[in-house]
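In: pasting the structure only:
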């Protein structure tokens, strides 16, 4: 076997172990009994170690070098590039630090689970400080290995090749644009408040409706599942993609749009190139593109008029609804409400970027040492006031609301808004490439849309970098223009 | 770290990977979408390889030798003995043969799944011949490594230290005893046929009743689950024990007794020594003892008068049953019916050993080359006629009924009947050690029973061999005397 073939075999094994961990992760969130959490943590750690050890073999550097001398086609060469990237990242962090971080993340996340409902930031602060210190230590090691600034080294773990220097101007622009835009959108909606729809909406009917829409989106229930969990997510493994939602019998729209969002993620995962399924080049390109695929479905399409023309009668039928409250126009108004709120995960697409920009600015400041962690609550509340004009009354609705930092995910937040921008830009490009897309959506036919997304996004896996892929697909680099145009068209 | 400590660490990691595979196995049987079978097979193979590679490290032989020179306590020494046993078995089979067997088992099992309903033995014969040839090849390698005969080397995989030379006389004795005994039991029951109970029995109520009984048995739902699968089983992982059953709305007793049987397995698994959870010495001793714990609960206890005095009113209440058909006596008569049938998994405890003895005799003959696989159907039917007096009308109800041989499990069958013998012997010893056990069962109190089983069986893990453990617990080696006495007391 040549060096490249040996590498493919090893990365395949590591990927399969990772995909087994994906199923265990789904199990933990959906069916695992609570008392088994410790046993599960040990299993996950053992799988993580087994996968890392495959990448940590002494001869990896030599194999990567030797493979570069072998005749490789474009996909193989890209795969080798991604292998090296993964190996560099893995080799940069000593096993001692991996273990210390894992322990710190678990401990801090557990403390956070009690601290959040109690709004008790002080209780979790010492653990968060340890997490942050270890994050900086790992970030410095990665930064040295990748030859990029510390923040970029962390961001790279979620968005390969992402750079704060590219994000700053875009976020500054959005931060300047959104407050006035939000005022205008809210004022416009206040003039025409939508009719409310009345529940209860039985969970079983919500689920049946969600499955109906998943079918239309092309979700393959023979290779995936829909279940219930505390927070909606897309998990499982390649070839076995599992999404979750939750059902509120007083409000079916939240659970349903979570299904649509997660189905967007799922269809990206399902559309990745089968030939490269267990190889680095066959993976999703990064969290920006992943989020772009969920937001393209949830926000661009399913909160749009074409989709709602088809979907509104199905929603009414599912719950026996009738009258003007169940008209497509009114339902559309209900799912495009703009409101200033404290909680990111409940935010609409207009105010969402403010939540992200706040977190991005805070985490860069904390990592740079410019913001002591003890000062986070005040800085958070000041930032919310500046960006959104509201001040959280407590830390539960402030800096304790998100799990990310407490579980060690620093450098993740920007991908939500980069994803929203990419969703707008990709959807605009798709519609101009195929004018049949929107008319088909109005019939519940997603085939033309996925006919464009498949070759332009999903089937590309990690062949190109995110920026390169978006430029190829849309004709220009990623920016906020399409996102702003989309907001203006929908809300003004 | 000393050699022994290094070994503990490695075996712990291998055990954790195995326990992750246990969750994936549960998932496959209970929730996995069908189209994901290939993806799951690849994951399982990758986990198997990762665990085997830990045991296959070059320095294992040296570590095992060095650890034997270190000061070890009794448990550690037994753990080292079990480590060596596992390593010898693993090292005896070359990776090429492991892979060939895995592929052959998967292929044959898939063919069997279609061949069984079609009663088409010819369709699966070539694949079964390949499985058998690879089984012999592996058995010969194991036999050489363990210095035992080929059959014992295979049996050892399920029942460590088991020997055909010990089984033959017991099975010959039972084969001589049972036909006449079966006649007598059936004649006696024919004189007093039980009243039938009428369904339907809604699945939800069956499940609630099963959970009620699991609670009484001490099943910890915070570290385990009850679900539905095609065949009942006990799976999951240490600290996360998952049993399954199935519900037939026309007959609640089958599903309920499957719950009781599997709960017996589960409580053994849950009672294994926590300190040794991820070490070889902390595992269940073997399939004989595992089956003894399920049969002790299902057969010895829950088809007995003391249990039924407590359980019958709960059964009646669960389904709104009333009248003489729902009396403890009548329900007891229903769950102790003796009947000659073709299907092993449906057999009662009197006729069950005949099914096992048939399979044991056939598999020893096939492995010895004395029975060509092409002749299996005829030999099976002849054997059924000789042992049970009935002749299967087709292979679906004959040699195609069990998955074992087709999936590569040769040498497994005897453990069912050895387990039934051990159940009778252990339960007799428990009752004579604590005369409060049966009165407590009549109140639904399993604590005294588990108060004896815990220290005498469960908490011993694999500290002793099966024979040694049984002799310590019951005062004499395992034999069929208690089993025969039990049958005589219950059925004559």
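Out: Perfect, thanks for sending it. This one's a predicted model, so the numbers in the text were calculated from it and none came from an experiment. Numbers count the residues shown, from 1 in each chain, chains lettered A, B, ... in the order given.

In: Tell me the residues on chain A that lie near chain B, please.
Out: When proximity is defined by CB under 8 Å from any CB of the partner chain, chain A lies next to chain B at A:13, A:16-17, A:19-21, A:23-24, A:27, A:31-36, A:38-40, A:42-43, A:45-47, A:49-50, A:220-225, A:237-240, A:278. All C-beta atoms are positioned from the backbone trio N, CA, C, and that covers glycine.

In: Name the helix or strand for the residue most central in space within chain A, please.
Out: Chain A has residue A:291 as the residue nearest its centroid, 4.3 Å off, counting by CA atoms, centre = their mean. In this assignment (DSSP states H and E), residue A:291 forms part of helix A:287-295.

In: for that helix, the distance to its chain's centre please.
Out: Mean-position distance between helix A:287-295 and its chain equals 6 Å (CA atoms, centre = their mean, to the nearest Å).

In: cool, stretch A:54-65 as well?
Out: Chain-centre distance of stretch A:54-65: 31 Å, with CA atoms, centre = their mean.

In: got it, and stretch A:443-452?
Out: Stretch A:443-452 sits 22 Å away from the centroid of its parent chain (CA atoms, centre = their mean).

In: Contact partners for the residue nearest to the centre of chain A?
Out: A:415-416, A:418-420, A:422-423 (CB atoms under 8 Å, 6 or more residues apart in numbering or on different chains).

In: Please report the distance of the nearest residue to it once chain neighbours are set aside from chain B.
Out: Among residues not flanking residue A:291 along the chain, residue A:419 sits closest, at 2.6 Å (CB to CB, 6 or more residues apart in numbering or on different chains). Distance, residue A:419 to chain B, using CB to the nearest CB, to the nearest Å: 27 Å.

In: For my notes, confirm residue A:419 occurs in a helix.
Out: Yes: Residue A:419: assigned to a helix according to DSSP: H, G, I helix; E, B strand; the rest coil.

In: Break chain A down into its structural domains.
Out: Listed domain ranges for chain A are A:3-119, A:120-198+A:272-492 (source: automatic domain parsing).

In: For the last one, give the distance from the opening residue to the closing one.
Out: If I follow you right, that is domain A:120-198+A:272-492. 40 Å (CA to CA, to the nearest Å).

In: The first one now?
Out: With CA to CA applied, domain A:3-119 spans 54 Å between its terminal residues.

In: what's the average pLDDT for that domain?
Out: When pLDDT is averaged along domain A:3-119, the result is 95.

In: show me the residues around residue A:410 that make contact.
Out: A:132, A:135, A:139, A:154, A:363, A:367, A:404.

In: scratch that, residue A:205
Out: With contact taken as CB under 8 Å, 6+ apart, residue A:205 is in contact with A:252, A:318-319.

In: from those, which single one is nearest chain B?
Out: Chain B has its nearest neighbour among the contacts of residue A:205 in residue A:318, at 23.8 Å by CB to the nearest CB.

In: how about the closest one, phi and psi?
Out: Here is the backbone geometry of residue A:318 (degrees, to the nearest 10): phi -60, psi -30.

In: Which residue is the nearest non-sequential neighbour of it?
Out: The spatially closest residue to residue A:318, leaving aside those adjacent along the chain, is residue A:209, at 4.3 Å (CB to CB, 6+ apart).

In: related to what we said a few turns ago, in this structure the residue nearest to residue A:291 contacts residue A:285, no?
Out: No: taking contacts as CB atoms under 8 Å, residue A:419 lies outside contact range of residue A:285: 11.2 Å.

In: Comparing these two, which shows the higher neighbour count?
Out: More crowded of residue A:419 and residue A:285, by other CB atoms under 10 Å in any protein chain shown: residue A:285, with 27 against 24.

In: can you pull the pLDDT of that one?
Out: Listed pLDDT for residue A:285 reads 96.

In: what about the helices in the stretch 251-400 of chain A?
Out: Shown for the stretch 251-400 of chain A, the helices assigned by DSSP state H, counting those that start in this stretch span residues A:252-271, A:287-295, A:305-319, A:328-335, A:352-368, A:376-388.

In: highest average neighbour count across the ones you listed?
Out: helix A:287-295 (a mean of 26; mean count of other CB atoms under 10 Å in any protein chain shown).

In: Helix A:252-271 and that helix, what's the angle between them?
Out: On the basis of axes from the mean of the first three to the mean of the last three CA atoms, to 10 degrees, helix A:287-295 is oriented at 130 degrees to helix A:252-271.

In: now helix A:287-295 and helix A:352-368, what's the angle there?
Out: Angle, helix A:287-295 to helix A:352-368, by the same axes, to 10 degrees: 160 degrees.

In: Which residue is it, in the stretch 251-400 of chain A, that comes closest to chain B?
Out: Counting by CB to the nearest CB, the stretch 251-400 of chain A gets nearest chain B through residue A:278, at 7.7 Å.

In: Ramachandran coordinates for that residue?
Out: Here is the backbone geometry of residue A:278 (degrees, to the nearest 10): phi -100, psi 20.

In: again, but for residue A:139
Out: phi -60, psi -40.

In: so it sits right up against residue A:149, yeah?
Out: No: the pair residue A:139 / residue A:149 is not scored as a contact, 9.1 Å apart, by CB under 8 Å.

In: between these two, who's got more neighbours?
Out: Shown here are residue A:139 and residue A:149; by other CB under 10 Å, residue A:139 has more neighbours (25 against 17).

In: so how far is chain B from the more buried one?
Out: Going from residue A:139 to chain B by CB to the nearest CB gives 28 Å.

In: Which residues are in contact with that residue?
Out: A:150-151, A:153-154, A:367, A:410.

In: run the last query once more with 7 Å
Out: Listed by CB atoms under 7 Å, 6 or more residues apart in numbering or on different chains, the contact partners of residue A:139 are A:150, A:153-154, A:367.

In: residues contacting residue A:86?
Out: For residue A:86, the contacting residues are A:55, A:280, by CB under 7 Å, 6+ apart.

In: check which helix or strand covers it.
Out: helix A:74-92.

In: Counting by contacts, list what the next helix or strand after that helix packs against.
Out: Downstream of helix A:74-92, the next assigned helix or strand under DSSP H and E is helix A:95-118. Contact here means 3 or more CB pairs under 7 Å, 6 or more residues apart in numbering or on different chains; DSSP states H and E; on that basis helix A:95-118 packs against helix A:121-146.

In: Would you mind listing the buried residues in the helix it packs on?
Out: Within helix A:121-146, the residues that qualify as buried are A:121, A:124-125, A:127-132, A:134-136, A:138-139, A:141-143, A:146, counting by 16 or more other CB atoms under 10 Å in any protein chain shown.

In: Stretch A:225-239 too?
Out: A:225-226, A:229, A:232-239.

In: Would you map the strands across the stretch 151-300 of chain A?
Out: In the stretch 151-300 of chain A, the segments counted as strands under DSSP state E, counting those that start in this stretch are A:224-228, A:234-237, A:240-245.

In: possible to save those as CSV with mean pLDDT and distance to residue B:8?
Out: Shown next, in CSV, are those (pLDDT from 0 to 100; distance: least, CB to CB, whole Å):
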stretch, mean pLDDT, distance to residue B:8
strand A:224-228, 98, 37
strand A:234-237, 97, 31
strand A:240-245, 98, 34
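
In: that older thread, among the contacts of residue A:139, which two are most distant?
Out: A:153 and A:367 (10.1 Å; CB to CB).

In: before we move on, back to that, okay, and which of the residues of chain A next to chain B map to helices?
Out: A:13, A:16-17, A:19-21, A:23-24, A:27, A:38-40, A:42-43, A:45-47, A:49-50 (DSSP state H).

In: Narrow these to just the buried residues.
Out: Neighbour counting with 16+ other CB under 10 Å marks A:13, A:16-17, A:19-21, A:23-24, A:27, A:39-40, A:42-43, A:45-47, A:49-50 as buried within these.

In: Tell me, how many residues neighbour the spatially closest residue to residue A:167 that is not a sequence neighbour?
Out: Using CB to CB, 6+ apart and skipping the chain neighbours, the partner closest in space to residue A:167 is residue A:414 (5.2 Å). By the criterion of other CB under 10 Å, residue A:414 has 27 neighbours.
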